[in-house]
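> Okay, structure incoming, though there's no sequence with it:
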Ligand SMILES: Cc1cc2nc3c(=O)[nH]c(=O)nc-3n(C[C@H](O)[C@H](O)[C@H](O)COP(=O)(O)O)c2cc1C
Ligand code: SF4
């Protein structure tokens, strides 16, 4: 007999297995788990991959896909008799406008370009290189011992690659020193930030590097179980991951890996929301503290890392922390930058952390047209003008100019783009993805989106009069990072491109 909490953890998986939320499936899952039907309705309806049973084509609404003609594509597909749904980012910005068929398989269109940094054994992640399934880094970590492993992580200066750039060694040490013996490692493979698609490439090309990094982390902090939470739309990637896990099983024993699929909610990329989802609940962020390192999954100490962070670990153990640090220019290590929008060869490029926009776009085949603006790290990073084209793209220097590197999903916008419309697209994203539990975020995202619509329709600058105050409320009063930064696209565009907002009023 499973414990009640273990039954609860199965709710989402069972609903998915039953084909989504219907009266019948809810009744069945309730009978099987003992969780009340009302609770199952409330949980299931939160997730877009299971809340509307039925087959449909999904077309991405992200900034890059909008710029690449997602609206026109939707009309074409509808004209072919397809049932279509517009969804938040699909992590395929290099193949914009990204579209998934009814089986969540990517539909690829002719003429798409795709880039990845060339094979170079000196690169820590080396996406184009051969896989090394020997797991010798794990063996080396066992020889070194836990403290020495964490010393190397500290010497490497590794910052979490999921968005916040928090130093990894702090989290490892924090979990290691907890009194509670039951601990977990979670890998955040939910990759939902518009503009970002690097974790997808790691899972497809170097899954063993990532699994080895996670196994080293688990061994070091004394965890027996690793949970990989991977976004449910990653059909190919899930296959690749499961194959690699089967190959790795004997090498990492007694550590076990469990794969949990996301069910379609951007907010579940936030670490505490992810934990709630793993526990079979609505993905609503928790108040912090306590931090997951103290009380995370099942209220036990939990080390969570992004896929790319985990992927850096084997190279650090093999070649030493100082070596890894030296791979960066202004901050430690190399970085997977995702480049999309108006560049000739969108893709993932591994470069020293701290390259500037011009260097990155040169790797991506150059600008397409005349660049107007760029968004350096996903929707949350807002828009920057081209005067920052030589600014190092790192955590600190982007924060200093009021933006962020985030997950390094960089989008270039050329002068054919209507910037106010680009802001609208980003605001719709946040409005749709807010989990709704705190008022400043729930109401603020909706308010900002409506006011920009009003400004566009009426050309009335007064529509935006309250925007700064609302943005401030959201930043100060939201529980999690989504609400705190959701006003950024509008704020940054008004700051750096005031003419885009003034001209509308004059035109009309
Ligand atoms: C709204 C929101 C969405 C996030 N989405 C992701 C995500 O998709 N993938 C990810 O690794 N981190 C994401 N994060 C960051 C995580 O909360 C967490 O900081 C990260 O997984 C920790 O791993 P790291 O230390 O390796 O960066 C998100 C944060 C917020 C606030
Ligand atoms: S800030 Fe927004 S997304 Fe985050 S917990 Fe509050 S309502 Fe949910």
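Nice, thanks for sending it over. Source: prediction; values computed, not measured. Ligands and ions are numbered 1, 2, ... in the order given.
> OK, contacts around residue 128?
With contact set as C-beta atoms under 8 Å, 6 or more residues apart in numbering, residue 128 has these partners: 116-120, 205. Glycine gets a C-beta too; all of them are placed from N, C-alpha and C.
> and with 6 Å instead?
116, 118-119 (C-beta atoms under 6 Å, 6 or more residues apart in numbering).
> any idea which helix or strand carries it?
Under the criterion DSSP states H and E, no helix or strand holds residue 128.
> now the strand or helix carrying residue 362: mean pLDDT?
Assigned by DSSP H and E, residue 362 falls within helix 357-363. For helix 357-363, mean pLDDT is 97.
> Same question for stretch 46-59.
pLDDT averaged over stretch 46-59 gives 93.
> Following element in sequence after the helix holding residue 362, please.
Scanning onward from helix 357-363 (DSSP H and E), the first element met is strand 371-375.
> can you give me how far that following strand is from the chain middle?
21 Å (C-alpha atoms, centre = their mean, to the nearest Å).
> Direction included, what does it pair against?
Strand 371-375 has its sheet partners listed here by DSSP bridges as strand 384-385 (antiparallel), strand 409-414 (antiparallel).
> Spell out which parts of the chain neighbour ligand 1.
The chain comes close to ligand 1 at residues 160-164, 166, 188, 190-193, 267, 269-271, 304-306, 309, 480-482, as judged by C-beta under 6 Å from any ligand atom.
> Identify the residues contacting the helix holding residue 362?
Contacts of helix 357-363 (C-beta under 6 Å, 6+ apart): 337, 339, 343, 349, 367, 374, 389.
> Skipping its backbone neighbours, what lies nearest the residue of the stretch 51-200 of the chain found nearest ligand 2 in space?
Ligand 2 sits closest to residue 192 of the stretch 51-200 of the chain, with a gap of 12.3 Å, by C-beta to the nearest ligand atom. Spatial nearest neighbour of residue 192, excluding adjacent residues (C-beta to C-beta, 6 or more residues apart in numbering): residue 266 at 4.1 Å.
> so for the longest strand along the chain, what's the average pLDDT?
When the chain is parsed with DSSP state E, its longest strand is strand 334-341. Mean pLDDT, strand 334-341: 97.
> so where's the stretch 151-300 of the chain uncertain?
By pLDDT under 70, the stretch 151-300 of the chain has no low-scoring segment.
> returning to that earlier point: neighbours around the residue of the stretch 51-200 of the chain closest to ligand 2, how many?
24 (other C-beta atoms under 10 Å).
> any idea whether it is helix, strand or coil?
Assigned with DSSP: H, G, I helix; E, B strand; the rest coil, residue 192 falls in the coil class.
> so who does the residue lying closest to residue 166 once chain neighbours are set aside touch?
Of all residues not flanking residue 166 in the chain, residue 160 sits nearest, at 4.8 Å (C-beta to C-beta, 6+ apart). Shown in contact with residue 160 (C-beta under 6 Å, 6+ apart): 166, 168, 306, 309.
> still on that earlier bit, centre of the chain to the longest strand of the chain, how far?
With C-alpha atoms, centre = their mean, you get 13 Å for strand 334-341.
> Excluding its own residues, what touches it? List them.
By C-beta under 6 Å, 6+ apart, strand 334-341 touches 64, 93-94, 123-124, 196-198, 308, 327, 346, 348-350, 352-353, 360, 364, 408-413.
> the inter-axis angle of it versus strand 371-375?
Strand 334-341 and strand 371-375 meet at an angle of 130 degrees, taking axes from the mean of the first three to the mean of the last three C-alpha atoms, to 10 degrees as the criterion.
> Sheet-wise, list the partners of strand 334-341 with their directions.
In the sheet, strand 334-341 lines up with strand 347-352 (antiparallel), strand 409-414 (parallel) (DSSP bridges).
> So what touches the last one?
Spelled out, that is strand 409-414. In contact with strand 409-414 (C-beta under 6 Å, 6+ apart) are residues 63-64, 193, 195-196, 338-343, 369-376, 378.
> And the residue of the stretch 51-200 of the chain closest to ligand 2, how far from residue 406?
12 Å (C-beta to C-beta, to the nearest Å).
> Phi first, then psi, for the residue in the stretch 251-400 of the chain positioned nearest to ligand 2.
The minimum distance from the stretch 251-400 of the chain to ligand 2, using C-beta to the nearest ligand atom, falls at residue 285 (4.2 Å). When quoted as degrees, to the nearest 10, the phi and psi of residue 285 stand at phi -60, psi 150.
> Just give the closest residue to it, not the sequence neighbours.
With C-beta to C-beta, 6+ apart, the residue lying closest to residue 285 is residue 480, at 3.9 Å.
> The one you found against residue 270, yeah?
Yes: shown here, residue 480 and residue 270 form a contact pair, counting by C-beta atoms under 6 Å, at 5.2 Å.
> joint contacts of these two?
residue 285.
> Show me this protein divided up by domain.
As given by automatic domain parsing, the domain ranges for the chain are 4-44, 57-100, 116-326, 334-414, 419-507.
> still on that earlier bit, and the residues of the chain next to ligand 1, which of them are buried?
160-163, 188, 190-193, 267, 269-271, 304-306, 309, 480-482 (16 or more other C-beta atoms under 10 Å).
> follow-up on the earlier one: mind putting the contacts of residue 160 into JSON lines with secondary structure and distance to ligand 2?
Formatted as JSON lines, the contacts of residue 160 follow (DSSP: H, G, I helix; E, B strand; the rest coil; distance: C-beta to the nearest ligand atom, whole Å):
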{"residue": "166", "secondary structure": "coil", "distance to ligand 2": "18"}
{"residue": "168", "secondary structure": "helix", "distance to ligand 2": "24"}
{"residue": "306", "secondary structure": "strand", "distance to ligand 2": "18"}
{"residue": "309", "secondary structure": "helix", "distance to ligand 2": "22"}
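> want to try CSV for the strands paired with strand 334-341, with mean pLDDT and mean neighbour count as columns?
Shown next, in CSV, are these (pLDDT from 0 to 100; neighbours: other C-beta atoms under 10 Å):
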stretch, mean pLDDT, mean neighbour count
strand 347-352, 96, 23
strand 409-414, 98, 26
